[in-house]
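Enquirer: Predicted model follows, preceded by the sequence.
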Amino acid sequence: MSAVTMTPEKISRNNLQAMLDSIEDLPSIPETLMKILDVLDDPDSGASDLAEVVRLDAPLMSKILRLANSPYYSPRGGISDINRCVSVLGYRTVRQVAICISVASTVISAVQHKNGTLDYRELWRHSVVTGAISKYLATMSGYPDPEEIFTAGLLHDIGKYIFELHSPDKYKTVLTSSHEESQSLTSVEFEAFGVDHATLGGAFGKSWRFPYLIVACFEKHHEPVLGNAVSQIEKAIALVALGDYLANTMAPPRVQLGFNPSLVDAKQLHANAGLEVDDVKNNLEKIKEAVELASGYIDL
């Protein structure tokens with residue numbers, strides 16, 4: 001693999017934006033998602049404003065209601081109206097579901113039409129598993145907004161989709177090289193592109209106006225803070241990093257997505273998240289149940 005011309009010091013926001021701008025098939029932020037983010041940014045807005053935005057996008061509303069009636073959110077079902085959905089599930093949950101569906105549907109559709117080499121369905125399955133595990137870990141650790149962690153976990157590998165849109169054949173070589181040479185995927189990505197999927201995902205998230213905490217999880221899930229996380233952002237990153245590890249070991253992807261467990265310090269990941277290894281092990285069956293319940297996200 002040829003050496004790159006960019007060094008870490010030269011990777012700037014402009015470099016990343018230039019890469020994003022060069023991708024012909026890169027989707028622009030959906031209008032509905034822009035309106036949802038506007039609602040989130042408005043301190044005077046509330047549940048009724050979110051419901052009104054979602055109601056104007058029939059396909060999105062349909063998917064939200066389908067998920068709202070799934071065992072993951074409402075075992076009894078019977079939610080047929082978006083206002084009722086917000087009332088039953090809560091404003092924070094519905095807004096995170098709306099963000100996840102908007103992003104996933106748009107980006108996955110773009111990758112699907114690209115006809116590249118990445119098994120995007122398997123990557124999406126891994127993403128759903130990571131989101132569900134991360135959310136469960138957040139609840140275990142007392143994190144104040146587990147739904148926020150679900151979103152961060154679900155979308156943590158968004159940069160891999162962007163690489164697929166940018167250079168599908170080259171990215172296939174990167175995944176293969178990472179596996180055959182037992183190198184971390186991020187280091188091989190950097191060698192090939194001058195940027196890794198985490199940093200690229202963060203740049204994409206910023207361009208789509210994602211909340212800062214979500215962007216931080218994209219950027220740092222392969223380099224969480226060492227030691228017990230202190231700030232809420234550090235805790236979020238640590239939970240997603242541990243969720244990603246557990247997703248790769250509990251429900252390994254059926255294709256090569258660049259994960260090598262021998263390069264990961266699992267004990268340190270648990271410590272970063274403020275969770276004991278034995279406590280997580282004792283909850284494995286419940287974590288698996290949470291993953292199974294979240295399967296409705298796989299077929300968006």
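Expert: That came through, no problem. Residues are numbered from 1 along each chain as shown.

Enquirer: which one's the longest helix in the protein?
Expert: Taking DSSP state H as the criterion, the chain has its longest helix at helix 91-114.

Enquirer: Report the inter-axis angle for the helix or strand just after that one versus helix 91-114.
Expert: Sequence order places helix 120-141 as the next helix or strand after helix 91-114, per DSSP states H and E. Taking axes from the mean of the first three to the mean of the last three CA atoms, to 10 degrees, one finds that helix 120-141 is oriented at 160 degrees with respect to helix 91-114.

Enquirer: now residue 191: how far from residue 185?
Expert: Separation of residue 191 from residue 185 (CB to CB, to the nearest Å) stands at 11 Å. Every C-beta, even on glycine, is put in place using the N, C-alpha and C of the backbone.

Enquirer: neighbour count winner among the two?
Expert: residue 185 (23 against 17; other CB atoms under 10 Å).

Enquirer: How many neighbouring residues does the closest residue to the more buried one other than its chain neighbours have?
Expert: Distances taken as CB to CB, 6 or more residues apart in numbering place residue 258 nearest to residue 185, at 3.3 Å, with adjacent residues excluded. Residue 258 has 23 neighbours, counted by other CB under 10 Å.

Enquirer: What are the phi and psi values at residue 258?
Expert: phi 100, psi 10 (degrees, to the nearest 10).

Enquirer: Surely it touches residue 176?
Expert: No - with contact defined as CB atoms under 8 Å, residue 258 does not count as touching residue 176 (9.5 Å).

Enquirer: ok, back up a step: just the buried residues of the longest helix of the chain, please?
Expert: Buried residues in helix 91-114, defined by neighbour count with 16 or more other CB atoms under 10 Å: 91, 93-108, 110-111, 114.

Enquirer: list the contacts for residue 267?
Expert: residue 277 (CB atoms under 8 Å, 6 or more residues apart in numbering).

Enquirer: returning to that earlier point: rounded mean pLDDT for the longest helix of the chain, please.
Expert: Helix 91-114 shows a mean pLDDT of 91.

Enquirer: Packing partners of that helix?
Expert: helix 31-41, helix 47-55, helix 58-68, helix 82-89, helix 120-141, helix 146-154, helix 158-166 (3 or more CB pairs under 8 Å, 6 or more residues apart in numbering; DSSP states H and E).

Enquirer: Which among these is found nearest to residue 252?
Expert: helix 120-141 (8.7 Å; CB to CB).

Enquirer: deepest of the helices and strands packed on helix 91-114, which one?
Expert: Highest mean neighbour count among those (mean count of other CB atoms under 10 Å): helix 146-154, with a mean of 27.

Enquirer: so how far is that helix from its chain's centroid?
Expert: With CA atoms, centre = their mean, to the nearest Å as the basis, helix 146-154 stands 7 Å off its chain's centre.

Enquirer: Could you export it as PDB, keeping only the C-alpha atoms?
Expert: Extracted in PDB, the C-alpha atoms of helix 146-154 (Å, rounded to 0.1, in the frame of the first residue of the first chain):
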ATOM      1  CA  PRO A 146     -29.400   6.000  27.500                       C
ATOM      2  CA  GLU A 147     -31.300   6.900  24.300                       C
ATOM      3  CA  GLU A 148     -28.500   9.300  23.400                       C
ATOM      4  CA  ILE A 149     -26.000   6.500  23.800                       C
ATOM      5  CA  PHE A 150     -28.200   4.300  21.600                       C
ATOM      6  CA  THR A 151     -28.000   6.800  18.800                       C
ATOM      7  CA  ALA A 152     -24.200   7.200  19.200                       C
ATOM      8  CA  GLY A 153     -23.700   3.500  19.200                       C
ATOM      9  CA  LEU A 154     -26.000   2.900  16.300                       C
END
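
Enquirer: Give the lowest-confidence helix or strand of the chain, using mean pLDDT as the measure.
Expert: helix 13-22 (a mean of 77; mean pLDDT, DSSP states H and E).

Enquirer: ok, residues contacting it?
Expert: Outside helix 13-22, the residues touching it (CB under 8 Å, 6+ apart) are 6, 26, 162, 166, 193-195, 199-200, 203-204, 207.
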